[in-house]
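Undergrad: Here is my input, please return the structure:
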Amino acid sequence: MLHRGQESTDGTGGGELVVPMAWLYAEYIADELLRTGDLMPPTSFEFRAGRDALALTVFLSDTDGELPGIRVVSQLETWLSLTAYDQPWQDWVRERMAKLAAQAAESGGPAPDVELARAAWRWLEETELLAPDLNAVPGGAAVVGEDEGPKVWTKAWQLGLPLGHLAIHLF
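TA: Next up, the predicted model:
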C-alpha cells in the first residue's frame, strides 16, 4: 500500500511504503504469548480474539513510542493489570485509540499502525462468538464437555481479553 504524496518515515517523501512496525511487533508478542499458553488452536476465532485483544493492550500501553525496544518480560505485569477482570479495558482502549487518532490527524502523515489497531478494535467490538454462558452454570464453573451446557453470543473482546490474560499468566 503506497501512500502517494505523503512523507515516508525518514521524511524524504516520494510515496514510499510506510511499514506498521509497532502494530506488527505488538501482534507478534500477542501471538507468541497465546501460542505458548496453548489454550486453543491458532486457527480458531477465539485465538484471533485473544491475539487482537492482547495486541491492542501491548500496542496501546506503549505511551512513549518505544515498543520495538522494550523487553517483553518487563511489561508482563502492566499487561496483566490492564487485562484483569475488574478493569474497564474497553473504556481504556477507546480513550487510547481516540488519543492516537488525534495525534495521527495532527501529524498529517499516514498512520498505518493506528489503522491496523482501529481495524482490530472494530472486529473485536462488532464480532460475536458463541461461548459457554458461565453465568448460567451454578457457581460459574466451566462445563466439562465443550458441547454441553448453555451458550451465549459474546462480543469477541469479552472472550479474547480473559484468554489473553490467562496466556500472560501461563507465560
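Undergrad: hey, let's count contacts and neighbours off CA atoms from now on
TA: Will do.
Undergrad: Let me know the helix or strand that residue 154 is in.
TA: Assessed by DSSP states H and E, residue 154 sits inside strand 151-155.
Undergrad: What of residue 90?
TA: Secondary structure assigned from DSSP H and E places residue 90 in helix 89-107.
Undergrad: residues making contact with that helix?
TA: 56, 57, 60, 82, 83, 110, 111, 114, 118 (CA atoms under 8 Å, 6 or more residues apart in numbering).
Undergrad: So which of the residues you listed belong to helices?
TA: In helices, defined here by DSSP state H, the members of these are 56, 57, 60, 82, 83, 114, 118.
Undergrad: what's the most distant pair in the residues you listed?
TA: 83 and 114 (20.2 Å; CA to CA).
Undergrad: Which one's more surrounded, the two?
TA: The residue with more neighbours, out of residue 83 and residue 114, is residue 83; 24 against 21, by other CA atoms under 10 Å.
Undergrad: Kindly state the pLDDT recorded for the more buried one?
TA: For residue 83, the pLDDT comes out at 91.
Undergrad: ok, it - contacts?
TA: By CA under 8 Å, 6+ apart, the residues touching residue 83 are 57, 89, 161, 162, 164, 165.
Undergrad: which of the residues you listed tops the neighbour count?
TA: Most neighbours among these, by other CA under 10 Å: residue 164, with 31 neighbours.
Undergrad: shouldn't it be in contact with residue 51?
TA: Yes: the criterion here is CA atoms under 8 Å, and residue 164 meets it with residue 51 at 6.9 Å.
Undergrad: Overlap of the contact sets of those two?
TA: 30, 34.
Undergrad: circling back: with respect to residue 40, which of the contacts of residue 83 is nearest?
TA: The closest of the contacts of residue 83 to residue 40 turns out to be residue 164 (CA to CA; 11.4 Å).
Undergrad: and residue 48, how many residues sit next to it?
TA: Around residue 48 there are 22 residues (other CA under 10 Å).
Undergrad: in this structure, which helix or strand is least confident?
TA: The helix or strand of the chain with the lowest confidence, counting by mean pLDDT, DSSP states H and E, is helix 72-83 at a mean of 83.
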